[in-house]
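Student: Provided below are the primary sequence and the corresponding predicted coordinates.
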Amino acid sequence: MKIWDAHMHCYFSGDSNASPVEMITQAKVLHLPGITFTDHLDIDYYRNPGEFDLDIPSYISEINELSQSFETEDFKIRCGIELGLQEHLVEEHKKLLETYHFQEVIGSIHQVQKEDPYYPEYLMHRDVKTAYQDYFDAILSNIEVFHDFDTLGHLDYVKRYIIKSAGLEADYAYKDYKEVIDEILKKLIRYDIALEINTGAFRHGLLDPNPGAEIIRRYLQLGGQMLTIGADAHMPDHIAYGFDAIPPLLKNAGFTSYTVFENRKPIEVELK
Ligand SMILES: [Zn+2]
Ligand SMILES: [Zn+2]
C-alpha cells in the first residue's frame, strides 16, 4: 500500500539541499497519496546559532504555491514544521504557532542539556544508560511544559547515534526505561498528540523504526490511537524509505489505521 509521508525536509532546513520540486516529483513517482513538508526550526541551537533557523514566510508561501501547481485529486502537499523543543522556548513557540498557520506540527527533541545526540560529545561524558535516560527525561519534561504540537517526532532518536558509536549491542530494552516511556506515552494520549513512526532509522542501519514495535504496542495498550508515519527524508531518494515494512508492523501491533494531519486536525487513514 502507499502511505502518506508526513515528515520530510527540503532546502529550507539547515541540513538539506533538496529542492521541494524534486521532493514532490519523487513522491509522485512513488505514487504516494500525499506528503507533508516539515522543515526544521530549532531556535537557539547551541552548537551553531542560526543553523536551524527557518525563513517561515518564504517557506510557507513557496510550499503553498507548489501545492497549487502540483496537487491532483490523488496527490496532496501540505506545509508543516518540525519544532526543536526546549523548555525555555515555550512562549516563543506558542507565539509562533499563533502567528503562522501550519498543517502539522512535529515536536522533536534535538538537544539535551545543550548537546545534540547527533554529535559524539553527547556520549563523551555519559554512559549508554544515562545517554538514553537523559534523552527520554528531556522529552517528558518538554511535554510537561509545552504540548501544543500534533505528533512527537522520533521518540528514541538518540538510539541511532548511540548504536553508531557503541554498536548494536548498545540497543535498549523498553523495560529498562519503562517508567519514563510510559509517562511520555500517557502524556501524548492525554494531550491528543500522535506518536510518530520514523523510518529514518532504517537508513541508519537499525532494524526497527523510531520507536519500534514494543513501544507501539504499549502505546495502544495505554489507549493511544494516533500514529503518524514519516521517513524524515532530507533528499528525494529517502522519501518513503522503508515504508513497505510499516503496514505489517503496525498491524501486528494491533493498529488498523494511521493518522495524517490537515489544518492541525487528525484524519484517520485505513491501513490496507
Ligand atoms: Zn528530527
Ligand atoms: Zn526531521
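Tutor: Noted; the coordinates are in hand. Numbering: from 1, shown residues only. Ligands and ions are numbered 1, 2, ... in the order given.
Student: from now on I want contacts and neighbour counts done on CA atoms only, so please keep to that.
Tutor: Noted.
Student: what about the helix or strand containing Glu179, average pLDDT?
Tutor: Per DSSP states H and E, Glu179 falls inside helix 178-190. For helix 178-190, mean pLDDT is 98.
Student: how far does the very next helix or strand once past it sit from the chain's center?
Tutor: Next helix or strand after helix 178-190 toward the C-terminus (DSSP H and E): strand 194-198. Mean-position distance between strand 194-198 and its chain equals 6 Å (CA atoms, centre = their mean, to the nearest Å).
Student: which residues are in contact with strand 194-198?
Tutor: Outside of strand 194-198, the residues within contact range by CA atoms under 8 Å, 6 or more residues apart in numbering are 150-155, 188, 209-212, 224-232, 259.
Student: pull the distance from the helix holding Glu179 to the chain's centre.
Tutor: With CA atoms, centre = their mean, you get 17 Å for helix 178-190.
Student: and for stretch 60-79?
Tutor: That offset, for stretch 60-79, works out to 21 Å (CA atoms, centre = their mean).
Student: same question for stretch 249-269.
Tutor: 14 Å.
Student: same deal with stretch 132-144?
Tutor: With CA atoms, centre = their mean, you get 15 Å for stretch 132-144.
Student: now stretch 248-262: average pLDDT?
Tutor: pLDDT averaged over stretch 248-262 gives 97.
Student: what's the first-to-last distance across that stretch?
Tutor: One end of stretch 248-262 sits 25 Å from the other (CA to CA, to the nearest Å).
Student: need the contact partners of that stretch.
Tutor: By CA under 8 Å, 6+ apart, the list of residues contacting stretch 248-262 reads 4, 6, 78, 103-104, 150, 194, 213-214, 216-217, 220, 226-229, 266-272.
Student: do that again at 7 Å, thanks
Tutor: 103-104, 213, 216-217, 226-228, 266-271 (CA atoms under 7 Å, 6 or more residues apart in numbering).
Student: pull out the buried positions in that stretch.
Tutor: 249-250, 253, 255, 257-261 (16 or more other CA atoms under 10 Å).
Student: restricted to helices, list the residues you listed.
Tutor: 249-250, 253 (DSSP state H).
Student: would you mark the buried spots in stretch 105-114?
Tutor: 105-112.
Student: what about it, how long is it end to end?
Tutor: 22 Å.
Student: hang on, the earlier thing: so which elements touch the helix holding Glu179?
Tutor: Judged by 3 or more CA pairs under 7 Å, 6 or more residues apart in numbering; DSSP states H and E, helix 178-190 is in contact with helix 128-145.
Student: mind redoing it with 8 Å?
Tutor: helix 128-145, helix 213-221 (3 or more CA pairs under 8 Å, 6 or more residues apart in numbering; DSSP states H and E).
Student: just send those back as CSV, with mean pLDDT too.
Tutor: Listed next are the helices and strands packed on helix 178-190 as CSV, based on pLDDT from 0 to 100:
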stretch, mean pLDDT
helix 128-145, 98
helix 213-221, 98
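Student: measure how buried Asp176 is and give me the count.
Tutor: By the criterion of other CA atoms under 10 Å, Asp176 has 12 neighbours.
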